[in-house]
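> need a structure here:
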Amino acid sequence: MNTSYSRHPQRARVLRSSMIVLAAAALGWTAAAFANDSDTNEVVVSVDQTPIVRELDNGPRVSFSPIVKRVAPAVVQVTVTGETPKITESDLPSFFRDPRMRRYFGLPENFEIPRGQPQQGAGSGVIVSADGYILTNNHVVQNAAEIEVTLDDGRELKAEVVGTDPESDLAVIKIDASDLPALTFADSDTIEVGDTVLAVGNPFGLGQTVTSGMISALGRATMGLAYEDFIQTDAAINPGNSGGALVDTNGRLVGINTAILSRSGGFQGIGFAIPSNLARNVMQQLATNGKVVRGYLGVFPSDLTPAMAKQFGLDADQTGILIEEVSEDSPAEKGGMQHGDIITHINGRSYESTRAFRMAVADLKPGETAEITVIRDGDEKELEITLGNRDGSTALNGAVKPADEGTLNGVAVADITPQARRQYGIQSRLTGALIIEVDPESAAAEAGLRPGDVILEINRERVRSAEEAVKLTEASTPSMQTLVRVWNARRGARYILVDESSDR
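Residues are numbered from 1 along each chain as shown. Alright, predicted model coming up:
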């Protein structure tokens with residue numbers, strides 16, 4: 001059993017009458033990111049935290065050409081080739097499972113539409129180290145069979161995925177080259193609304209393009225990712241710009257261009273970039289470990305509104321994070337946190353939004369003890385809570401990341417949380433391991449296992465948690481058939497035989 005987390009490149013979230021469009025020219029793929037448990041040393045990158053010069057002594061700047069000449073060689077075109085997935089009966093809406101509808105449309109039982117022809121997508125990437133590490137978006141490279149990088153000097157090189165992080169929509173790829181021009185990271189915490197920025201990328205596959213604008217807003221959370229803290233800019237970002245560079249007037253990387261807000265699918269003055277500090281942290285972990293490890297508290301937070309503050313007997317201007325639920329057996333529960341607590345400080349720093357709170361918890365290291373100040377029944381309390389390990393799981397918490405060995409390879413599982421029960425309609429009495437991702441090329445996918453299924457048994461052995469599922473698959477012989485009993489809200493419980501034998 002292994003992990004293969006994903007997010008569809010065309011995933012959109014309706015926002016009024018507009019939509020968030022990922023700025024990659026990728027075509028119709030389902031996602032399957034690749035992980036790598038490499039033991040490489042930390043990637044050497046350049047960081048410059050000195051403030052930018054916001055006022056010039058010699059008048060306004062008349063050209064950004066010197067900056068572009070420094071930045072352009074470090075921004076590459078990323079071309080990705082992948083296959084469209086096959087479609088089975090269980091992938092279609094429920095009315096197609098009605099025998100009368102199948103007869104009307106001429107669809108036999110257990111039908112399968114084969115995979116289509118390979119399709120190509122294009123995006124951008126930023127060289128961040130001289131030895132070939134490139135930072136890009138996860139949605140650019142997901143489900144990639146082949147990745148080709150075109151350098152500024154015209155060289156075309158094959159690239160390998162080092163690691164991906166769907167939760168932040170970041171990925172690291174690597175090419176076999178040396179002495180490459182690399183961008184220097186700026187400290188994105190020091191940027192301000194109104195700062196001038198340049199966006200460099202490969203829109204529409206036209207080739208390298210530079211646009212200019214300003215930082216319009218900070219701290220945007222618009223795409224439904226687990227971890228997002230977007231820089232908003234009016235520098236033009238279009239399909240194909242995903243993974244490209246957003247740089248300041250010193251030519252330093254302040255963000256990775258990711259998405260646009262659009263009514264038409266084209267740029268309309270609102271683009272989003274992942275801040276360089278977040279990108280650098282994720283990049284270093286992916287390059288070093290092939291995965292991202294984040295602190296885990298185990299709570300369901302919400303913003304404390306003035307109306308809600310009054311309900312808890314507090315002043316309307318009280319700030320903090322309201323804890324709506326504490327997960328069972330979580331670090332928060334073990335540390336004494338309760339639902340209804342209002343978090344005001346973590347390690348002495350105040351937080352006023354759930355976005356900032358989630359980012360702060362994620363930045364803490366598993367095993368680290370945090371001093372958390374809460375208001376409970378009007379009184380202030382100090383809690384010491386030792387953070388758990390999210391270990392690259394999705395927003396469902398606690399995903400297990402075993403090695404690709406044993407049986408049910410290509411299947412990623414997680415424990416069932418209250419959030420997962422609501423999302424997938426899982427009955428409260430059910431225990432098991434929730435499938436959160438299935439490699440579309442795996443025997444498990446061919447047999448019919450799907451994300452959202454709950455594994456109840458493996459080879460007639462009861463499964464109560466993700467950890468138990470992993471242990472049972474690791475103890476099995478890779479060449480055998482595996483009998484899996486699963487449940488989902490659509491079809492109830494059923495048995496599925498997964499054949500991973502060599503002669504299937």
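> pretty sure residue 360 belongs to a helix, no?
Yes. Counting by DSSP: H, G, I helix; E, B strand; the rest coil, residue 360 is located in a helix.
> is it true that it touches residue 346?
Yes. Residue 360 is within contact range of residue 346, at 5.6 Å (criterion: C-beta atoms under 8 Å). Quick note: C-beta positions are derived from backbone N, CA and C, even for glycine.
> Look at these two and report which has more neighbours.
In this view residue 360 and residue 346 are compared by other C-beta atoms under 10 Å, and residue 346 has more residues nearby, 21 against 18.
> mind checking how far that one is from residue 183?
Between residue 346 and residue 183 the computed distance is 32 Å (C-beta to C-beta, to the nearest Å).
> which residue packs closest to residue 153, ignoring adjacent ones?
Of all residues not flanking residue 153 in the chain, residue 73 sits nearest, at 7.4 Å (C-beta to C-beta, 6 or more residues apart in numbering).
> I'd guessed that neighbour sits against residue 154; true?
No. Applying C-beta under 8 Å, one finds residue 73 not in contact with residue 154, separated by 11.4 Å.
> Looking at those two, which has the bigger crowd around it?
Neighbours were counted for residue 73 and for residue 154 using other C-beta under 10 Å; residue 73 has more, 17 against 6.
> Validate this expectation: the more buried one resides in a strand.
No. Assigned with three-state DSSP, residue 73 falls outside any strand and is helix.
> quick one, strands of the stretch 51-200 of the chain?
Using DSSP state E, counting those that start in this stretch, the strands of the stretch 51-200 of the chain run over 75-83, 87-88, 112-113, 118-127, 133-136, 146-150, 156-165, 170-175, 184-186, 196-201.
> Out of those strands, flag the one nearest residue 221.
Ranking these by their distance to residue 221 (criterion: C-beta to C-beta) puts strand 170-175 first, at 15.8 Å.
> So, low pLDDT: which residues of the stretch 201-350 of the chain?
222-226, 262-268 (pLDDT under 70).
> and what of the chain?
1-41, 52-62, 83-119, 222-226, 262-268, 390-406, 476-479, 502-504.
> domains in it, as residue ranges please.
Taking automatic domain parsing as the domain assignment, the ranges for the chain are 14-49+63-82+119-285, 295-389, 399-499.
> which one of those domains is the most hemmed in?
Highest mean neighbour count of the domains of the chain: domain 14-49+63-82+119-285, a mean of 21 (counted as mean count of other C-beta atoms under 10 Å).
> Now residue 260. Its backbone dihedrals?
Torsion angles at residue 260 (phi, psi; degrees, to the nearest 10) stand at phi -130, psi 160.
> pretty sure it is in contact with residue 242, am I right?
No. Applying C-beta under 8 Å as the test, residue 260 and residue 242 come out as separate, 9.7 Å apart.
> ok so, going back, among the strands of the stretch 51-200 of the chain, which is nearest residue 380?
Minimum separation from residue 380 across those (C-beta to C-beta) falls at strand 156-165, 35.8 Å.
> Check which helices and strands that closest one sits against.
Under the contact criterion of 3 or more C-beta pairs under 8 Å, 6 or more residues apart in numbering; DSSP states H and E, strand 156-165 touches helix 138-141, strand 146-150, strand 170-175, helix 276-289.
> Tell me the strands beside the helix or strand following the last one, with direction?
With elements assigned by DSSP states H and E, the helix or strand that comes after helix 276-289 is strand 295-296. Taking DSSP bridges as the criterion, strand 295-296 sits next to strand 388-389 (antiparallel) in its sheet.
> Name the surrounding residues that touch the partner strand.
293, 294, 295, 296, 297, 298, 330, 331, 366, 367 (C-beta atoms under 8 Å, 6 or more residues apart in numbering).
> who touches the last one in this structure?
Listed by C-beta under 8 Å, 6+ apart, the contact partners of residue 367 are 386, 387, 389.
> On the three-state scheme, residue 435 is what?
Strictly by three-state DSSP, residue 435 counts as strand.
> show me what contacts the closest residue to it other than its chain neighbours?
Spatial nearest neighbour of residue 435, chain neighbours left out: residue 453 (4.6 Å); criterion: C-beta to C-beta, 6+ apart. The contact partners of residue 453, by C-beta under 8 Å, 6+ apart, come to 434, 435, 486, 487, 488.
> now swap in residue 206 and tell me
Counting by C-beta under 8 Å, 6+ apart, residue 206 has contacts residue 240.
> returning to what we had before: could you dump the helices and strands packed on strand 156-165 into CSV and include distance to residue 449?
Listed next are the helices and strands packed on strand 156-165 as CSV, based on distance: least, C-beta to C-beta, whole Å:
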stretch, distance to residue 449
helix 138-141, 23
strand 146-150, 26
strand 170-175, 25
helix 276-289, 27
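> of all those, which lies closest to residue 196?
Closest of the helices and strands packed on strand 156-165 to residue 196 is helix 276-289, at 15.9 Å (criterion: C-beta to C-beta).
> elements contacting that closest one?
strand 133-136, strand 156-165, strand 170-175, strand 184-186, strand 253-262.
> 6 Å instead, please
strand 156-165, strand 170-175, strand 184-186, strand 253-262 (3 or more C-beta pairs under 6 Å, 6 or more residues apart in numbering; DSSP states H and E).
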